[in-house]
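Trainee: No letters, just coordinates:
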């Protein structure tokens, strides 16, 4: 049973489109994150939610809107996609109350043409 | 979160111990040292973490200096599958994880 699962794994779309990536964790953690890894392999934090509340927003363009319907889900919606949005997006869940360990999903590779 | 500094790359012979250093000279008293690795394009994987004492688990050992300004991750018997980018992060256990450039470890036959 996958602890942190993301869908879709691959997404190819045209500039200007709107797309969503979904993330679900079955670990019972309160905190979830979105990270972006670009072609230079730099892993950058984007957002974090704790119990459905936004706690970290790392000056990401407002075309990116995270949504957390419950603490097991954190979705990422991207409006008006640009070429520079092409990257691998990783969702992570954190056990803040105990070890603070991050559990990552397998990533969603977004390609904007 | 304290800034960490790691070498860009390292090589290790298969079967030998891989020792990966990390400097975190500005670490605070309540900040832990965490290590993760990323194999190819997979999601980063937690390896180990510690505060003051040395730690060991089934994957690795973590040696933290007495002044806590640096640490070393030890993979006791490196295999080809340990080839990955290794990240050292210093933060509180509830803090956010800021990933740097990490160390690219290449295990060679």
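Mentor: The structure has been received and is ready for your questions. Predicted model only: the values in this text are computed from it and were never measured. Numbering: from 1, shown residues only, chains lettered A, B, ... in the order given.

Trainee: hey, what's residue B:73 bridged with?
Mentor: In this entry, residue B:73 is beta-bridged to residue B:20, residue B:62, by DSSP bridges.

Trainee: my guess is it contacts residue B:60, does it?
Mentor: Yes: shown here, residue B:73 and residue B:60 form a contact pair, counting by Cβ atoms under 8 Å, at 5.6 Å. All C-beta atoms are positioned from the backbone trio N, CA, C, and that covers glycine.

Trainee: Those two: which is more packed in?
Mentor: Between residue B:73 and residue B:60, counted using other Cβ atoms under 10 Å in any protein chain shown, residue B:73 has the larger neighbour count: 25 against 19.

Trainee: any idea how far that one lies from residue A:47?
Mentor: To residue A:47, residue B:73 is 28 Å away according to Cβ to Cβ, to the nearest Å.

Trainee: pretty sure residue B:81 belongs to a helix, no?
Mentor: Yes: note on residue B:81: a helix contains this position according to DSSP: H, G, I helix; E, B strand; the rest coil.

Trainee: Geometric centre of chain A: which residue is closest?
Mentor: residue A:34 (3.1 Å; Cα atoms, centre = their mean).

Trainee: tell me the mean pLDDT for the helix or strand harbouring that residue?
Mentor: Using DSSP states H and E, residue A:34 maps to strand A:31-37. Averaged across strand A:31-37, pLDDT comes to 95.

Trainee: So which elements touch the lowest-mean-pLDDT helix or strand in chain A?
Mentor: Across the helices and strands of chain A, mean pLDDT, DSSP states H and E gives its lowest value to strand A:53-57, namely a mean of 87. Judged by 3 or more Cβ pairs under 8 Å, 6 or more residues apart in numbering or on different chains; DSSP states H and E, the packing partners of strand A:53-57 are strand A:43-50, strand A:64-70.

Trainee: quick one: average pLDDT of the longest one?
Mentor: The one in question is strand A:43-50. 92.

Trainee: does the residue of chain A most remote from its centre sit in a helix, a strand or a coil?
Mentor: In chain A, counting by Cα atoms, centre = their mean, residue A:98 sits farthest out from the average C-alpha position, at 22.3 Å. Using three-state DSSP as the criterion, the local structure at residue A:98 reads coil.

Trainee: can you check residue A:84 too?
Mentor: Of the three states, residue A:84 takes helix under three-state DSSP.

Trainee: re the thing from before, now the helices and strands packed on strand A:53-57 as TSV including mean neighbour count and distance to residue A:85?
Mentor: Output for the helices and strands packed on strand A:53-57, formatted as TSV (neighbours: other Cβ atoms under 10 Å in any protein chain shown; distance: least, Cβ to Cβ, whole Å):
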stretch	mean neighbour count	distance to residue A:85
strand A:43-50	20	11
strand A:64-70	15	8
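
Trainee: Relative to residue B:43, which of these is closest?
Mentor: Nearest of the helices and strands packed on strand A:53-57 to residue B:43, taken as Cβ to Cβ: strand A:43-50 at 9.9 Å.

Trainee: Briefly note if that closest one comes near chain B.
Mentor: Yes: Strand A:43-50 lies within reach of chain B by Cβ under 8 Å from any Cβ of the partner chain, at A:43-45, A:48.
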